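>>> Attaching a predicted model along with its sequence, questions to come.
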Amino acid sequence: MEVIEATVTVADLDGFVAQLREIADEHSVAVQALDARYVVDREHLQRAVELADQAFERDDNIADDRSVEILLYAAGKRQINRALELGVEPGGCPAVIVVHDPDGSVDCERAAVEAVRSLPAVEPADTLGDYDERRVRDWFEVTDAELETGAALPALVRERVALLVVEK
């Protein structure tokens, strides 16, 4: 798994998503862009990718597309329409873009990363780990009581991601 940190500025979100899909198809990888304000850390993404891969291996995936499956796990939601809210927004948006080859080809991932980075809408920026605590807490329904136990917000989010498997 490779992660691209960037600000994504798009007027035509559907067009941008189509470009990502073309890159994914060309390099036989999954490519998913997420709003970085909801992503707590790299482990959050890594766990989502691992669980999406496991779902495909067990033929227990929710979505037909691995990129969408990664999004579902990252969002901790089973409904695709709801999970799409974690995608990038029209206009400017801090983003993390996951590029993943389930077959483990580093060369395919690197080529896809370069293709994504070359898109005019993608401007390099440090975004991973710069999440919006209120957004994250609201999205993942993290309560004050949970945080008062001493659990860190990123750990609670990763727990929510893992729980999607149980909810199936």
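Nice, thanks for sending it over.
>>> Tell me where the protein is predicted with low confidence.
166-168 (pLDDT under 70).
>>> Would you map the helices across it?
13-27, 42-57, 66-75, 80-83, 106-117, 133-139, 144-148, 153-167 (DSSP state H).
>>> Now render the ones you listed as JSON lines, adding distance to A36.
No exception for glycine: its C-beta is placed from N, CA and C like everyone else's. Supplementary listing: the helices of the chain in JSON lines, determined by distance: least, CB to CB, whole Å:
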{"stretch": "helix 13-27", "distance to A36": "15"}
{"stretch": "helix 42-57", "distance to A36": "10"}
{"stretch": "helix 66-75", "distance to A36": "11"}
{"stretch": "helix 80-83", "distance to A36": "16"}
{"stretch": "helix 106-117", "distance to A36": "15"}
{"stretch": "helix 133-139", "distance to A36": "10"}
{"stretch": "helix 144-148", "distance to A36": "21"}
{"stretch": "helix 153-167", "distance to A36": "13"}
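>>> is V31 in a bridge, and if so with what?
V99 (DSSP bridges).
>>> circling back to that earlier point, looking at the helices of the chain, which is closest to H100?
For those, proximity to H100 was assessed by CB to CB; helix 42-57 is nearest, at 5.2 Å.
>>> And for the closest one, what's in contact with it?
1, 3, 30, 34, 39, 60-62, 66, 69-74, 96, 98, 100, 102, 128-129, 154, 157-158, 161-162, 164-165 (CB atoms under 8 Å, 6 or more residues apart in numbering).
>>> so can I have CSV of the helices of the chain showing mean neighbour count and distance to G91?
CSV is the format used below for the helices of the chain (neighbours: other CB atoms under 10 Å; distance: least, CB to CB, whole Å):
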stretch, mean neighbour count, distance to G91
helix 13-27, 16, 9
helix 42-57, 19, 23
helix 66-75, 24, 20
helix 80-83, 14, 20
helix 106-117, 17, 19
helix 133-139, 15, 16
helix 144-148, 10, 31
helix 153-167, 16, 25
